[in-house]
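Visitor: please find the sequence and the predicted model below.
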Amino acid sequence: MRTKIVTCLLASALVLAACGGDDDDDTTSAATTEQDSGTAGEAVGAALVGTGDTSLGPVLTDAEGNTIYALTKDSEGMSTCEGACAETWPPVTVEGSELPDGLDADLFSVIERSGEVYQLAANGAPLYTYSADTGPGETNGQGSGGVWWVVTPEGDLNRADAAAATTAPPADDSDSGSSDDDGY
């Protein structure tokens with residue numbers, strides 16, 4: 001259900017982005033394929049992915065400005081976060097198997113999850129948001145279980161300041177969907 005909601009929100013963001021905007025706007029255009037360390041709200045890939053500033057430095061963000069994370073337990077091109085894990089760590093989904101227009105194919109790709117759901121990846125790492133982040137700039141999932149890390153605009157994992165930046169309590173089995181206490 002949450003995946004469908006996220007998909008609908010992303011589709012709505014794409015439609016709104018396509019409906020126009022202010023020609024005097026200094027933010028990155030939807031067709032831009034460059035990544036930079038701009039401020040929250042800069043759009044890349046038809047507002048699907050942007051960049052934002054956090055206490056950890058610049059990070060990738062979703063269409064709503066929420067911080068994007070990657071899971072070190074994922075192997076390239078394959079997500080291991082399903083069920084309750086995916087409720088806590090919602091995947092950044094796209095409409096189909098093709099990379100959305102405007103995203104840099106040297107950085108981004110699309111992987112297939114179960115049930116013909118397509119997830120965006122950066123440098124081969126599937127991308128997620130964290131349900132405990134309630135707004136732009138929050139990085140409550142940083143270092144969670146020693147396996148969740150924010151993603152830089154270059155698609156790298158930022159493992160800096162995990163102890164200082166993490167304000168979320170350790171994940172427990174009840175909302176993680178995992179029998180081992182590793183943050184998911």
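Guide: Noted; the coordinates are in hand.
Visitor: tell me where this protein has helices.
Guide: Along the chain, the stretches classed as helices by DSSP state H are 2-18, 84-88, 162-165, 173-176.
Visitor: in the second one, what's buried?
Guide: Burial within helix 84-88, assessed by neighbour count using 16 or more other CB atoms under 10 Å, is assigned to 85-88. Where C-beta positions appear, they are placed from N, C-alpha and C, glycine not excepted.
Visitor: with distance to residue 102 and pLDDT added, can I get the residues you listed in JSON lines?
Guide: JSON lines is the format used below for the buried residues of helix 84-88 (distance: CB to CB, whole Å; pLDDT from 0 to 100):
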{"residue": "85", "distance to residue 102": "29", "pLDDT": "98"}
{"residue": "86", "distance to residue 102": "26", "pLDDT": "97"}
{"residue": "87", "distance to residue 102": "29", "pLDDT": "98"}
{"residue": "88", "distance to residue 102": "29", "pLDDT": "98"}
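Visitor: nearest to residue 112 among those?
Guide: residue 86 (14.2 Å; CB to CB).
Visitor: which one of the buried residues of helix 84-88 sits closest to residue 98?
Guide: The closest of the buried residues of helix 84-88 to residue 98 turns out to be residue 86 (CB to CB; 22.1 Å).
Visitor: now do the closest one against residue 54, distance only.
Guide: Distance of residue 86 to residue 54, computed by CB to CB, to the nearest Å: 23 Å.
Visitor: ok, residue 150 next?
Guide: From residue 150 to residue 54 the distance is 7 Å (CB to CB).
Visitor: shared neighbours of the two, anything?
Guide: 67, 139 (CB atoms under 8 Å, 6 or more residues apart in numbering).
Visitor: more neighbours: those two, which one.
Guide: Using other CB atoms under 10 Å as the criterion, residue 150 and residue 54 rank with residue 150 on top: 28 against 19.
Visitor: per-residue pLDDT, residue 48?
Guide: We have a pLDDT of 89 for residue 48.
Visitor: quick check: residue 49 touching residue 65?
Guide: No - at 10.8 Å, residue 49 and residue 65 do not qualify as touching, with contact defined as CB atoms under 8 Å.
Visitor: enumerate the beta-bridge partners assigned to the residue lying closest to residue 70 once chain neighbours are set aside.
Guide: Closest residue to residue 70 apart from its sequence neighbours, by CB to CB, 6 or more residues apart in numbering: residue 125 at 4.0 Å. Beta-bridge partners recorded for residue 125 (DSSP bridges): residue 122.
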